[in-house]
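> mind folding the following:
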Amino acid sequence: MTLKQTLDVIEIIDNAFVTGADVVEIFKDFVFVETDVQTVEGESGSTDFVKITIKGSEGKLSGGNARTMGIVGRLGGIGARPSRIGMVSDADGAVAAITSALKLAEMSVKGDRLKGDIVITTHICPNAPTEPHYPVDFMGSPVDILTMNKYEITEDVDAIISIDTTKGNVIFNHKGIAISPTVKEGYILKFSPDLVRILSMTTGINPVTFAVTTQDITPYGNDVYHVNSILQPAVATDVPVVGVAITAESAVPGCGTGASHEVDIAQAARYAVEVAKEFTNGTAEFYDEPEFEKIVSLYGSMKHLQTLGKQYEEI
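Residues are numbered from 1 along each chain as shown. This is a model prediction of the structure:
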């Protein structure tokens with residue numbers, strides 16, 4: 001259902017000269033789609049932040065009150081040129097997010113509009129730097145994580161799915177996709193039963209999940225280990241965030257080329273689309289709201305985990 005769109009997006013992304021404008025060009029003829037591209041300069045180059053909004057039939061942009069969901073394609077860069085030739089593994093998050101946008105846009109003109117708006121964000125950089133990381137090298141980025149969150153996390157969403165290649169480790173030994181527990185305001189909550197159900201439905205196998213540590217939900221820049229940036233959106237918003245990891249059985253460097261698997265990317269995009277359908281329709285929840293309120297009343301706010309911490313606040 002999403003493999004064709006995945007292949008179409010890869011054909012555009014796997015290009016040393018691709019820009020954000022090339023990506024949004026795909027959507028120019030879709031009546032229910034709005035796009036935006038902003039080029040941002042960093043210390044080691046520039047990247048194009050892309051925002052694609054699919055307007056729902058009862059969404060806020062059309063005067064309705066259906067919920068809005070965000071889909072973030074998280075990555076450092078889609079390429080590491082000139083040190084690497086071709087699309088890198090790290091690009092999978094961007095490809096999956098754009099693929100989900102393309103699928104939703106095509107659905108919208110075929111009579112299958114979602115109730116709520118869907119906001120898809122990512123960035124396009126074909127020549128990002130690399131950086132050392134255990135157990136394999138990561139992709140860096142020309143801009144820092146705070147800049148990414150500024151352009152990729154919007155205030156108009158009610159929940160976020162963050163898609164990221166999560167292959168550069170020896171912990172998650174499954175090829176395909178896996179989801180995280182819900183993260184909200186510094187709390188790692190239980191897995192959403194609705195999102196687990198949708199995962200089993202879309203993959204056709206028992207649900208595969210991945211562990212999240214306290215370090216992973218704190219901001220980059222605090223000098224503690226993070227498995228990757230998949231849950232960095234959670235430090236920049238109070239809405240619930242769930243990570244969708246594209247995984248492998250072996251440790252694959254983010255800057256590795258020839259390491260993207262089209263079927264796995266399509267699976268991530270298909271999952272995001274199905275969650276978007278149910279969340280905006282009100283038939284799936286990211287978290288148990290009464291239970292969250294009880295936890296906060298019992299143990300207090302954990303929002304300090306969304307900051308860089310005391311040491312950095314004192315500097």
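> now do the helices in the stretch 101-250 of the chain.
145-152, 193-203 (DSSP state H, counting those that start in this stretch).
> in this structure Ile153 contacts Ala159, no?
No. Applying Cβ atoms under 8 Å, one finds Ile153 not in contact with Ala159, separated by 11.9 Å. For every residue, glycine as well, the C-beta is placed using N, CA and C.
> compare the two (neighbour count), which wins?
Ala159 (25 against 22; other Cβ atoms under 10 Å).
> skip the chain neighbours and tell me the closest residue to the more buried one.
Closest residue in space to Ala159, ignoring its immediate chain neighbours: Phe286 at 4.6 Å, by Cβ to Cβ, 6 or more residues apart in numbering.
> pretty sure the one you found contacts Pro240?
Yes. Assessed by Cβ under 8 Å, Phe286 is found in contact with Pro240 at 3.9 Å.
> show the contacting residues for Ala234.
By Cβ atoms under 8 Å, 6 or more residues apart in numbering, Ala234 lies in contact with Ile160, Ser162, Val183, Lys184, Ile217, Val241, Gln306.
> can you do 6 Å?
By Cβ atoms under 6 Å, 6 or more residues apart in numbering, the residues touching Ala234 are Val183, Ile217, Val241.
> Leu3: neighbour count?
Leu3: 15 surrounding residues under other Cβ under 10 Å.
> can you tell me the element the nearest residue to it once chain neighbours are set aside falls in?
Among residues not flanking Leu3 along the chain, Ala266 sits closest, at 4.5 Å (Cβ to Cβ, 6+ apart). According to DSSP states H and E, Ala266 maps onto helix 262-281.
> just checking, what packs against that helix?
Packing partners of helix 262-281 (3 or more Cβ pairs under 6 Å, 6 or more residues apart in numbering; DSSP states H and E): helix 3-13, strand 69-74, helix 92-108, strand 176-179, helix 193-203, strand 241-247.
> swap in 7 Å and give it another go.
Contact partners of helix 262-281 among helices and strands, from 3 or more Cβ pairs under 7 Å, 6 or more residues apart in numbering; DSSP states H and E: helix 3-13, strand 69-74, helix 92-108, strand 159-165, strand 176-179, helix 193-203, strand 241-247.
> who's in contact with it?
Identification of contacts with helix 262-281 by Cβ atoms under 7 Å, 6 or more residues apart in numbering yields 1-3, 6-7, 10, 56, 66-67, 69, 71, 92, 95-96, 99-100, 103-104, 114-116, 118, 159, 161, 163, 175-177, 194-195, 198-199, 202-203, 244, 246, 284.
> filter these to the buried ones?
2, 6, 10, 56, 66-67, 69, 71, 92, 95-96, 99-100, 103-104, 114-116, 118, 159, 161, 163, 176-177, 194-195, 198-199, 202-203, 244, 246, 284 (16 or more other Cβ atoms under 10 Å).
> is it fair to say Ala21 lies in a strand?
No. Counting by DSSP: H, G, I helix; E, B strand; the rest coil, Ala21 falls outside a strand, being helix.
> that one and Val72, how far apart?
According to Cβ to Cβ, to the nearest Å, Ala21 stands 20 Å off from Val72.
> quick one on the thing from earlier: same list (the helices and strands packed on helix 262-281) but as CSV, adding mean pLDDT and distance to Thr147.
Listed next are these as CSV, based on pLDDT from 0 to 100; distance: least, Cβ to Cβ, whole Å:
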stretch, mean pLDDT, distance to Thr147
helix 3-13, 97, 21
strand 69-74, 98, 13
helix 92-108, 98, 16
strand 159-165, 97, 16
strand 176-179, 98, 26
helix 193-203, 98, 29
strand 241-247, 98, 18
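> since that was my last question, I'll sign off now.
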